[in-house]
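Colleague: I'll drop the sequence and a predicted model, then ask my questions.
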Amino acid sequence: DALLGCHRSYRSRPTHGIGKFKYLLPKEAPKKRKEKVQMKEISAGTEYQYGDVNIQMTSYDLCLVEHFAQYVHRLCNRLSIRVNESYAMPTKTNEVLFLEEKGSKMQLDAVLTTHQRVVQIRGLSSTFAPILLEIIQSNQPEGVHLLVKQHTEADFKSRLKSRPELEELLAQMS
Amino acid sequence: PCRAQPKKKKKVDVKKEQAQKERMKKRIKKLEKAAPELIPIEDFITPLKYSESNRVRSLPALSPEESERRVLLLKKWCLFKQKQDEAEKTAIKALVASQQEALKELRLESEELYQAAIRRDEGLFPFERDGPSYTPPLPGYDPPEGKCVDITKVYTQ
(Lines give C-alpha, C1' and ligand atoms only; values in the text may rest on other atoms or scores of the structure.)
Protein backbone atom coordinates (compact mmCIF):
# COMPACT_ATOMS: atom_id res chain seq x y z
CA ASP A 1 0.00 0.00 0.00
CA ALA A 2 2.81 2.36 0.94
CA LEU A 3 4.65 1.53 -2.30
CA LEU A 4 1.61 2.27 -4.46
CA GLY A 5 0.82 5.55 -2.58
CA CYS A 6 4.28 6.98 -3.31
CA HIS A 7 4.12 10.19 -5.46
CA ARG A 8 7.82 10.85 -5.94
CA SER A 9 8.63 12.51 -9.29
CA TYR A 10 12.23 12.44 -10.42
CA ARG A 11 13.79 15.68 -11.66
CA SER A 12 14.87 14.19 -15.01
CA ARG A 13 11.48 12.71 -15.79
CA PRO A 14 8.93 14.74 -17.74
CA THR A 15 6.44 14.34 -14.86
CA HIS A 16 8.56 16.52 -12.60
CA GLY A 17 6.52 19.21 -10.82
CA ILE A 18 3.26 17.69 -12.07
CA GLY A 19 1.13 18.63 -9.05
CA LYS A 20 2.26 22.30 -8.81
CA PHE A 21 -0.44 24.94 -9.22
CA LYS A 22 0.48 27.84 -6.95
CA TYR A 23 2.44 29.52 -9.76
CA LEU A 24 -0.82 29.86 -11.70
CA LEU A 25 -2.67 31.73 -8.95
CA PRO A 26 -2.43 35.56 -8.70
CA LYS A 27 0.30 36.73 -6.34
CA GLU A 28 -0.91 37.54 -2.84
CA ALA A 29 0.45 40.71 -1.23
CA PRO A 30 2.79 39.88 1.66
CA LYS A 31 1.10 40.03 5.06
CA LYS A 32 1.26 43.59 6.34
CA ARG A 33 2.87 43.73 9.74
CA LYS A 34 1.44 46.43 11.96
CA GLU A 35 3.74 49.40 11.58
CA LYS A 36 4.74 50.76 14.94
CA VAL A 37 3.57 54.29 15.54
CA GLN A 38 6.85 56.09 16.00
CA MET A 39 7.41 59.77 16.33
CA LYS A 40 9.12 61.30 13.34
CA GLU A 41 12.04 63.63 14.04
CA ILE A 42 11.01 67.18 14.70
CA SER A 43 13.24 69.58 12.79
CA ALA A 44 14.08 72.83 14.51
CA GLY A 45 14.64 74.82 11.34
CA THR A 46 17.46 77.14 10.44
CA GLU A 47 17.62 80.91 10.95
CA TYR A 48 15.89 81.61 7.66
CA GLN A 49 13.44 78.69 7.71
CA TYR A 50 10.90 77.53 10.21
CA GLY A 51 10.97 73.86 11.24
CA ASP A 52 7.85 71.72 11.64
CA VAL A 53 4.80 73.99 11.81
CA ASN A 54 1.30 72.78 12.72
CA ILE A 55 -1.75 74.50 11.26
CA GLN A 56 -4.64 73.40 13.47
CA MET A 57 -8.24 74.10 12.47
CA THR A 58 -10.99 73.62 15.05
CA SER A 59 -14.73 73.93 14.63
CA TYR A 60 -18.10 72.49 15.57
CA ASP A 61 -18.93 71.94 11.89
CA LEU A 62 -17.28 68.84 10.40
CA CYS A 63 -17.75 69.60 6.70
CA LEU A 64 -16.32 73.12 6.94
CA VAL A 65 -13.26 71.93 8.81
CA GLU A 66 -12.62 69.06 6.39
CA HIS A 67 -12.97 71.25 3.33
CA PHE A 68 -10.80 73.98 4.80
CA ALA A 69 -8.11 71.44 5.67
CA GLN A 70 -8.22 70.11 2.10
CA TYR A 71 -7.98 73.66 0.77
CA VAL A 72 -4.93 74.44 2.93
CA HIS A 73 -3.27 71.18 1.88
CA ARG A 74 -3.82 71.88 -1.81
CA LEU A 75 -2.63 75.47 -1.38
CA CYS A 76 0.62 74.23 0.16
CA ASN A 77 1.02 71.75 -2.70
CA ARG A 78 0.51 74.54 -5.21
CA LEU A 79 3.01 76.83 -3.47
CA SER A 80 5.49 73.91 -3.29
CA ILE A 81 5.64 73.87 0.50
CA ARG A 82 6.46 70.42 1.82
CA VAL A 83 3.56 68.88 3.76
CA ASN A 84 4.76 66.26 6.26
CA GLU A 85 1.37 64.93 7.27
CA SER A 86 -2.25 65.96 7.37
CA TYR A 87 -4.21 64.21 10.10
CA ALA A 88 -7.26 64.57 12.31
CA MET A 89 -7.22 64.94 16.06
CA PRO A 90 -9.78 62.96 18.11
CA THR A 91 -13.20 64.63 18.37
CA LYS A 92 -14.28 66.14 21.66
CA THR A 93 -17.94 65.94 22.72
CA ASN A 94 -19.46 68.58 24.98
CA GLU A 95 -22.84 68.52 26.63
CA VAL A 96 -24.30 71.98 27.14
CA LEU A 97 -26.68 72.25 30.08
CA PHE A 98 -28.49 75.39 31.10
CA LEU A 99 -30.40 76.35 34.20
CA GLU A 100 -34.18 76.70 33.67
CA GLU A 101 -35.71 80.05 34.54
CA LYS A 102 -38.20 78.61 36.99
CA GLY A 103 -36.53 75.69 38.62
CA SER A 104 -33.29 74.37 39.90
CA LYS A 105 -32.84 71.51 37.41
CA MET A 106 -30.22 71.70 34.69
CA GLN A 107 -31.77 71.07 31.32
CA LEU A 108 -29.96 69.52 28.44
CA ASP A 109 -29.60 72.06 25.65
CA ALA A 110 -27.41 70.42 23.06
CA VAL A 111 -24.58 67.96 22.44
CA LEU A 112 -21.76 69.63 20.52
CA THR A 113 -18.87 67.83 18.83
CA THR A 114 -15.62 69.75 18.29
CA HIS A 115 -13.56 68.57 15.31
CA GLN A 116 -9.92 69.38 14.70
CA ARG A 117 -7.74 68.90 11.64
CA VAL A 118 -3.97 69.43 11.51
CA VAL A 119 -1.75 70.13 8.49
CA GLN A 120 1.96 69.82 9.26
CA ILE A 121 4.41 71.67 7.02
CA ARG A 122 8.16 71.91 6.92
CA GLY A 123 10.62 74.33 5.42
CA LEU A 124 8.54 77.48 5.43
CA SER A 125 10.80 80.41 4.54
CA SER A 126 10.71 83.44 6.81
CA THR A 127 9.79 85.87 4.01
CA PHE A 128 6.90 83.76 2.75
CA ALA A 129 5.34 82.94 6.13
CA PRO A 130 3.37 86.20 6.56
CA ILE A 131 2.03 85.90 2.99
CA LEU A 132 0.82 82.35 3.65
CA LEU A 133 -0.84 83.42 6.89
CA GLU A 134 -2.52 86.30 5.06
CA ILE A 135 -3.96 83.94 2.40
CA ILE A 136 -5.20 81.43 4.96
CA GLN A 137 -6.79 84.17 7.04
CA SER A 138 -8.61 85.72 4.10
CA ASN A 139 -10.11 82.35 3.19
CA GLN A 140 -11.04 81.34 6.71
CA PRO A 141 -14.67 80.15 6.83
CA GLU A 142 -17.12 81.11 9.56
CA GLY A 143 -16.80 79.43 12.89
CA VAL A 144 -13.44 77.83 12.11
CA HIS A 145 -10.78 78.68 14.67
CA LEU A 146 -7.26 78.77 13.30
CA LEU A 147 -4.11 78.07 15.32
CA VAL A 148 -0.60 78.04 13.85
CA LYS A 149 2.19 76.83 16.11
CA GLN A 150 5.40 74.85 16.08
CA HIS A 151 5.25 71.10 16.40
CA THR A 152 6.33 69.63 19.73
CA GLU A 153 6.57 66.14 21.19
CA ALA A 154 3.63 66.92 23.49
CA ASP A 155 1.47 67.51 20.41
CA PHE A 156 2.34 64.07 19.11
CA LYS A 157 1.80 62.40 22.48
CA SER A 158 -1.71 63.88 22.74
CA ARG A 159 -2.73 61.71 19.76
CA LEU A 160 -1.77 58.46 21.50
CA LYS A 161 -3.84 56.40 23.90
CA SER A 162 -3.07 56.83 27.55
CA ARG A 163 -1.55 53.86 29.40
CA PRO A 164 -2.58 54.12 33.04
CA GLU A 165 -1.06 50.74 34.04
CA LEU A 166 2.35 51.61 32.70
CA GLU A 167 2.27 55.02 34.35
CA GLU A 168 1.23 53.48 37.66
CA LEU A 169 4.04 50.97 37.57
CA LEU A 170 6.59 53.60 36.64
CA ALA A 171 5.39 55.81 39.49
CA GLN A 172 5.71 52.87 41.87
CA MET A 173 9.21 52.11 40.68
CA SER A 174 10.61 55.58 41.18
CA PRO B 1 17.84 33.96 72.12
CA CYS B 2 16.30 37.03 70.37
CA ARG B 3 18.82 37.16 67.56
CA ALA B 4 17.81 34.33 65.26
CA GLN B 5 14.26 35.47 64.51
CA PRO B 6 14.89 39.12 63.49
CA LYS B 7 17.67 37.99 61.15
CA LYS B 8 15.33 35.58 59.40
CA LYS B 9 12.75 38.30 58.99
CA LYS B 10 15.28 40.62 57.38
CA LYS B 11 16.45 38.00 54.86
CA VAL B 12 12.94 37.01 53.87
CA ASP B 13 11.92 40.68 53.54
CA VAL B 14 14.86 41.57 51.33
CA LYS B 15 14.26 38.55 49.10
CA LYS B 16 10.58 39.31 48.82
CA GLU B 17 11.28 42.92 47.97
CA GLN B 18 13.77 41.93 45.30
CA ALA B 19 11.35 39.41 43.82
CA GLN B 20 8.62 42.06 43.79
CA LYS B 21 10.89 44.55 42.05
CA GLU B 22 11.85 42.02 39.41
CA ARG B 23 8.21 41.15 38.80
CA MET B 24 7.37 44.83 38.38
CA LYS B 25 10.29 45.29 35.99
CA LYS B 26 9.11 42.33 33.93
CA ARG B 27 5.60 43.75 33.80
CA ILE B 28 6.94 47.15 32.74
CA LYS B 29 9.04 45.55 30.01
CA LYS B 30 6.04 43.64 28.71
CA LEU B 31 3.88 46.77 28.61
CA GLU B 32 6.62 48.82 26.99
CA LYS B 33 7.05 46.22 24.24
CA ALA B 34 3.56 46.91 22.96
CA ALA B 35 3.72 49.94 20.68
CA PRO B 36 1.58 52.96 21.60
CA GLU B 37 -1.63 53.20 19.57
CA LEU B 38 -3.29 56.22 18.06
CA ILE B 39 -6.68 57.20 19.45
CA PRO B 40 -9.37 56.11 16.91
CA ILE B 41 -11.12 59.09 15.38
CA GLU B 42 -14.89 58.94 15.61
CA ASP B 43 -15.35 61.11 12.50
CA PHE B 44 -14.13 58.38 10.18
CA ILE B 45 -16.32 55.59 11.55
CA THR B 46 -19.82 55.70 10.04
CA PRO B 47 -22.39 54.70 12.66
CA LEU B 48 -24.14 51.43 11.86
CA LYS B 49 -27.60 52.92 11.70
CA TYR B 50 -26.74 54.72 8.46
CA SER B 51 -25.57 51.59 6.66
CA GLU B 52 -28.26 49.15 7.79
CA SER B 53 -31.43 50.88 6.55
CA ASN B 54 -32.72 49.95 3.11
CA ARG B 55 -34.81 53.02 2.42
CA VAL B 56 -33.85 54.86 -0.73
CA ARG B 57 -34.75 58.45 -1.51
CA SER B 58 -36.51 58.87 -4.86
CA LEU B 59 -36.00 62.28 -6.42
CA PRO B 60 -38.68 63.89 -8.59
CA ALA B 61 -38.07 63.90 -12.35
CA LEU B 62 -36.64 67.16 -13.69
CA SER B 63 -38.16 68.93 -16.64
CA PRO B 64 -35.76 69.67 -19.54
CA GLU B 65 -35.99 73.42 -18.93
CA GLU B 66 -35.08 72.95 -15.30
CA SER B 67 -32.10 70.72 -16.08
CA GLU B 68 -30.93 73.14 -18.77
CA ARG B 69 -31.20 76.04 -16.31
CA ARG B 70 -29.19 74.08 -13.77
CA VAL B 71 -26.45 73.21 -16.25
CA LEU B 72 -26.12 76.82 -17.38
CA LEU B 73 -26.02 77.97 -13.74
CA LEU B 74 -23.28 75.43 -13.02
CA LYS B 75 -21.23 76.71 -15.93
CA LYS B 76 -21.61 80.30 -14.77
CA TRP B 77 -20.57 79.29 -11.26
CA CYS B 78 -17.52 77.46 -12.62
CA LEU B 79 -16.49 80.54 -14.55
CA PHE B 80 -16.97 82.78 -11.54
CA LYS B 81 -14.91 80.49 -9.35
CA GLN B 82 -12.18 80.27 -11.96
CA LYS B 83 -11.96 84.06 -12.18
CA GLN B 84 -11.80 84.22 -8.37
CA ASP B 85 -9.01 81.66 -8.27
CA GLU B 86 -7.05 83.44 -10.99
CA ALA B 87 -7.40 86.72 -9.11
CA GLU B 88 -6.07 85.04 -5.97
CA LYS B 89 -3.07 83.58 -7.81
CA THR B 90 -2.19 86.92 -9.36
CA ALA B 91 -2.54 88.57 -5.95
CA ILE B 92 -0.11 86.06 -4.44
CA LYS B 93 2.39 86.60 -7.25
CA ALA B 94 2.10 90.37 -6.90
CA LEU B 95 2.69 90.10 -3.13
CA VAL B 96 5.78 87.95 -3.58
CA ALA B 97 7.16 90.19 -6.34
CA SER B 98 6.67 93.38 -4.34
CA GLN B 99 8.26 91.75 -1.30
CA GLN B 100 11.31 90.70 -3.30
CA GLU B 101 11.63 94.19 -4.76
CA ALA B 102 11.39 95.79 -1.32
CA LEU B 103 14.08 93.42 -0.02
CA LYS B 104 16.34 94.28 -2.97
CA GLU B 105 15.99 97.99 -2.30
CA LEU B 106 16.63 97.39 1.40
CA ARG B 107 19.77 95.49 0.53
CA LEU B 108 21.01 98.40 -1.51
CA GLU B 109 20.25 100.71 1.39
CA SER B 110 21.94 98.77 4.22
CA GLU B 111 23.21 95.21 4.49
CA GLU B 112 22.55 95.01 8.25
CA LEU B 113 18.85 95.80 8.00
CA TYR B 114 18.49 93.33 5.13
CA GLN B 115 20.01 90.52 7.19
CA ALA B 116 17.79 91.39 10.14
CA ALA B 117 14.70 91.42 7.89
CA ILE B 118 15.51 88.01 6.37
CA ARG B 119 15.68 86.31 9.76
CA ARG B 120 12.70 84.39 11.03
CA ASP B 121 10.25 86.01 13.40
CA GLU B 122 10.06 84.21 16.74
CA GLY B 123 7.02 86.18 17.80
CA LEU B 124 4.97 84.92 14.84
CA PHE B 125 4.12 81.56 16.43
CA PRO B 126 1.84 80.67 18.09
CA PHE B 127 -0.70 82.49 15.94
CA GLU B 128 -4.37 82.31 16.77
CA ARG B 129 -7.39 83.72 14.99
CA ASP B 130 -11.10 83.11 15.36
CA GLY B 131 -13.09 82.77 12.18
CA PRO B 132 -15.67 85.44 11.26
CA SER B 133 -19.10 84.80 12.77
CA TYR B 134 -22.43 84.82 10.92
CA THR B 135 -23.84 87.37 13.35
CA PRO B 136 -21.89 89.71 15.61
CA PRO B 137 -22.48 89.32 19.36
CA LEU B 138 -25.57 91.17 20.59
CA PRO B 139 -24.76 94.03 22.96
CA GLY B 140 -26.33 93.67 26.40
CA TYR B 141 -27.33 90.01 25.94
CA ASP B 142 -27.80 88.14 29.21
CA PRO B 143 -27.16 84.44 28.62
CA PRO B 144 -28.89 81.88 30.86
CA GLU B 145 -26.68 80.21 33.42
CA GLY B 146 -25.41 76.80 32.56
CA LYS B 147 -22.37 74.63 32.24
CA CYS B 148 -20.45 72.56 29.71
CA VAL B 149 -19.72 68.95 30.48
CA ASP B 150 -16.96 67.16 28.59
CA ILE B 151 -18.15 63.65 27.72
CA THR B 152 -15.39 62.56 25.33
CA LYS B 153 -14.72 58.84 25.46
CA VAL B 154 -11.33 58.18 27.07
CA TYR B 155 -9.41 55.35 25.37
CA THR B 156 -6.84 53.43 27.35
CA GLN B 157 -4.39 50.86 26.07
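Modeller: Ah, there it is. Numbers count the residues shown, from 1 in each chain, chains lettered A, B, ... in the order given.

Colleague: Secondary structure element for A:Ser86, which one?
Modeller: Assigned by DSSP states H and E, A:Ser86 belongs to strand A:82-99.

Colleague: same for that strand, what does it pack against?
Modeller: helix A:62-78, strand A:106-122, strand B:146-150 (3 or more Cβ pairs under 8 Å, 6 or more residues apart in numbering or on different chains; DSSP states H and E). Any C-beta I mention is one placed from the backbone N, CA and C, and that applies to glycine too.

Colleague: let's go with 10 Å and repeat that
Modeller: Packing contacts for strand A:82-99, counted by 3 or more Cβ pairs under 10 Å, 6 or more residues apart in numbering or on different chains; DSSP states H and E, involve strand A:53-59, helix A:62-78, strand A:106-122, strand B:146-150.

Colleague: quick one: the closest residue to B:Leu62 other than its chain neighbours from B:Tyr155, how far?
Modeller: Nearest residue to B:Leu62, sequence neighbours excluded (Cβ to Cβ, 6 or more residues apart in numbering or on different chains): B:Arg70, at 7.6 Å. From B:Arg70 across to B:Tyr155, the span is 46 Å (Cβ to Cβ, to the nearest Å).

Colleague: again with B:Gly140
Modeller: Remark: distance between B:Gly140 and B:Tyr155 (Cβ to Cβ) = 44 Å.

Colleague: So what pairs up with the closest residue to chain A within chain B in the strands?
Modeller: Closest approach of chain B to chain A (Cβ to the nearest Cβ) occurs at B:Gly146, with a separation of 3.2 Å. Under DSSP bridges, the beta-bridge partners of B:Gly146 are A:Phe98.

Colleague: Run through the residues that contact it.
Modeller: A:Val96, A:Leu97, A:Phe98, A:Leu99, A:Glu100, A:Met106, A:Gln107, A:Leu108, A:Asp109 (Cβ atoms under 10 Å, 6 or more residues apart in numbering or on different chains).

Colleague: Count residues in the vicinity of the nearest residue to the fourth one once chain neighbours are set aside, would you?
Modeller: It refers to A:Leu99. Distances taken as Cβ to Cβ, 6+ apart put B:Glu145 closest to A:Leu99, at 4.4 Å, once the chain neighbours are dropped. By the criterion of other Cβ atoms under 10 Å in any protein chain shown, B:Glu145 has 11 neighbours.

Colleague: Show the contacting residues for the residue nearest in space to the middle of chain B.
Modeller: Centroid check for chain B by Cα atoms, centre = their mean gives B:Ile41 as the closest residue, at 11.3 Å. Neighbour list for B:Ile41: A:Tyr87, A:Ala88, A:Met89, A:Pro90, A:Thr91, A:His115, A:Gln116, A:Arg159 [criterion: Cβ under 10 Å, 6+ apart].

Colleague: Now for the third one, how many residues are close by?
Modeller: To tie it back to what came earlier, the one meant is A:Met89. 19.

Colleague: now it, which residues is it bridged with?
Modeller: With DSSP bridges as the criterion, A:Met89 is bridged to A:Gln116.

Colleague: Go ahead and confirm it touches A:Gln120.
Modeller: No. The criterion here is Cβ atoms under 10 Å, and A:Met89 misses it with A:Gln120 at 11.8 Å.

Colleague: Common neighbours of these two, please.
Modeller: Counting by Cβ under 10 Å, 6+ apart, the contacts common to A:Met89 and A:Gln120 are A:Gln56, A:Asp155.

Colleague: For stretch B:73-82, which residues meet the burial criterion?
Modeller: Buried residues in stretch B:73-82, counted by 16 or more other Cβ atoms under 10 Å in any protein chain shown: none are found.

Colleague: for the closest residue to chain B within chain A, what are its contacts?
Modeller: Closest contact between chain A and chain B, by Cβ to the nearest Cβ, is at A:Phe98 (3.2 Å). Contacts for A:Phe98 (Cβ under 10 Å, 6+ apart) come out as A:Met106, A:Gln107, A:Leu108, A:Asp109, A:Ala110, B:Pro143, B:Pro144, B:Glu145, B:Gly146, B:Lys147.

Colleague: so what's residue 126 up against?
Modeller: You didn't pick a chain, so chain A it is. A:Gly45, A:Thr46, A:Glu47, A:Tyr48, A:Gln49, A:Tyr50, B:Ala117, B:Ile118, B:Arg119, B:Arg120, B:Asp121, B:Leu124.

Colleague: actually chain B
Modeller: For B:Pro126, the contact set (Cβ under 10 Å, 6+ apart) comprises A:Val53, A:Asn54, A:Gln56, A:Leu147, A:Val148, A:Lys149, A:Gln150.
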